[in-house]
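J.: what follows is a predicted structure for the sequence shown.
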Amino acid sequence: MLKRLFLILPFIIFSCEKTKPVAQGGDNEIVIISSKIDKPKIASILSNILSDTLYTPQAEPYYKLIWVEPERFHDVKDYVNVILAGIGDSPSNDGSRLIKNVLSDEQYISTMEGDNHLIFSKDIFARDQNYLIINGPSFDKVNELSINQGPWLKKQFDLLFEKRQSEFLFEESTLQKELEENIYSKYGWAIKIPWGYEVIRDSAEQQIFWIGRDLPFRWLAVQWEDGLLFSDSLSVVSYARQFPLKYFEDIRYTDYKFKVEPSTFNDFGSWKISGLWESIEEAQGGPFISHLFYDETSDRTYFVHTMIFHPGRDKFLLLKQVDIVAKTFYTSNIKVE
């Protein structure tokens, strides 16, 4: 697995971390610096790394790819996610020439004559930055390695996305700490609640706590019951499908892109349920992510549900933000910092 980190430019070693600017650009944007002639090959290679798609129901990629020609390198080098990519060593290929200038002689030779076709590092030109160089003598060699290393590289982009979004969402002065403390004292669990969210339902009798934020609409609900109430994927599907009908009444999960998969939720083993919700009475719908898990210490089954409604607009960033809020969930035994 590719876990070697390289410093791309020697002078970076001597630069003070605090003097670097904070990386700019959208957290879900990836700038790809490549020649026009290499773009189709690089796009194919990147499909092995960045293939996740959210269906809203329209297909929406997790990351927006912004293609930039090599002469604009200095304009975009301090963006959050930067990929510098080239295939071959033709002097007429401006992408290959740029890579040769950026890498040390030893690093460049390792990409062309060895198997070091994917060079990943962090914070090269800015703080909170991912930097990936893709280079090799042929498409086949680079593509083969990208298939093998793709999941690990994708994880690095996801981790930085969540880190930067968490810093934005949970700025200390904007958190609703009193509400968080009240939830914990009443129910033995809590979440961090950013500014702007309001309580929609707080019912000890129904064992549900539901908050939301509008413009655009974002909902997060936590529902719990005593005991272990699921045993396999079929029981998970049954539990999940009854949830919106029981607590939201006029909302249901659709069959289209409905997905149930084993996962983890903080330190809990869980089932992740994702797909699309729709209103039974109105022409409304959108994506959702839910998590079902059992807390052995409290002998409770928890169902954490997130959903958004943002018609005609991009939805991935909003849905991920609500899911990041959901993952601040903690009990008396586990607190997420």
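T.: It's in.

J.: from now on I want contacts and neighbour counts done on CA atoms only, so please keep to that.
T.: Will do.

J.: so which strand or helix has Ser44?
T.: helix 39-46 (DSSP states H and E).

J.: for that helix, name the packing helices and strands.
T.: helix 139-169 (3 or more C-alpha pairs under 8 Å, 6 or more residues apart in numbering; DSSP states H and E).

J.: quick one: the helix it packs on to chain centroid distance?
T.: 10 Å (C-alpha atoms, centre = their mean, to the nearest Å).

J.: mind listing the strands for the stretch 1-150 of the chain?
T.: Counting by DSSP state E, counting those that start in this stretch, the stretch 1-150 of the chain has strands at residues 29-33, 53-55, 59-61, 64-68, 81-87, 118-122, 130-136.

J.: partners of the worst-scoring helix or strand of the chain on mean pLDDT, with directions?
T.: None of the helices or strands of the chain scores lower by mean pLDDT, DSSP states H and E than strand 53-55, at a mean of 89. Paired with strand 53-55 in the same sheet, following DSSP bridges, are strand 59-61 (antiparallel).

J.: next one: the partner strand to chain centre, how far?
T.: 13 Å.

J.: ok so, going back, how about the CA coordinates for the helix holding Ser44, as PDB?
T.: Extracted in PDB, the C-alpha atoms of helix 39-46 (Å, rounded to 0.1, in the frame of the first residue of the first chain):
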ATOM      1  CA  LYS A  39      -6.600  14.400 -20.200                       C
ATOM      2  CA  PRO A  40      -8.600  11.300 -21.500                       C
ATOM      3  CA  LYS A  41      -6.000   8.900 -20.000                       C
ATOM      4  CA  ILE A  42      -5.700  10.800 -16.700                       C
ATOM      5  CA  ALA A  43      -9.500  10.900 -16.500                       C
ATOM      6  CA  SER A  44      -9.600   7.100 -16.800                       C
ATOM      7  CA  ILE A  45      -6.900   6.700 -14.200                       C
ATOM      8  CA  LEU A  46      -8.700   9.000 -11.800                       C
END
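
J.: how far is it from where the chain is centred?
T.: Worked out by C-alpha atoms, centre = their mean, helix 39-46 lies 22 Å from the chain centre.

J.: okay, buried residues for it please.
T.: 39, 41-43, 45-46 (16 or more other C-alpha atoms under 10 Å).

J.: can you check stretch 158-175 too?
T.: 160-162, 165, 169-170, 175.

J.: returning to that earlier point: between strand 81-87 and the helix holding Ser44, find me the angle.
T.: Here helix 39-46 runs at an angle of 120 degrees relative to strand 81-87 (axes from the mean of the first three to the mean of the last three C-alpha atoms, to 10 degrees).

J.: can you list the neighbours in contact with helix 39-46?
T.: If you take C-alpha atoms under 8 Å, 6 or more residues apart in numbering as the criterion, helix 39-46 is touched by 34, 85-86, 139, 142-143, 146.

J.: Val22 versus Asp123, what's the distance?
T.: Noted for Asp123: a distance of 9 Å to Val22, by C-alpha to C-alpha, to the nearest Å.

J.: so what's the residue nearest in space to the middle of the chain up against?
T.: The centroid of the chain falls nearest to Asp158 when counting by C-alpha atoms, centre = their mean (4.3 Å). Residues near Asp158 by C-alpha under 8 Å, 6+ apart: none.
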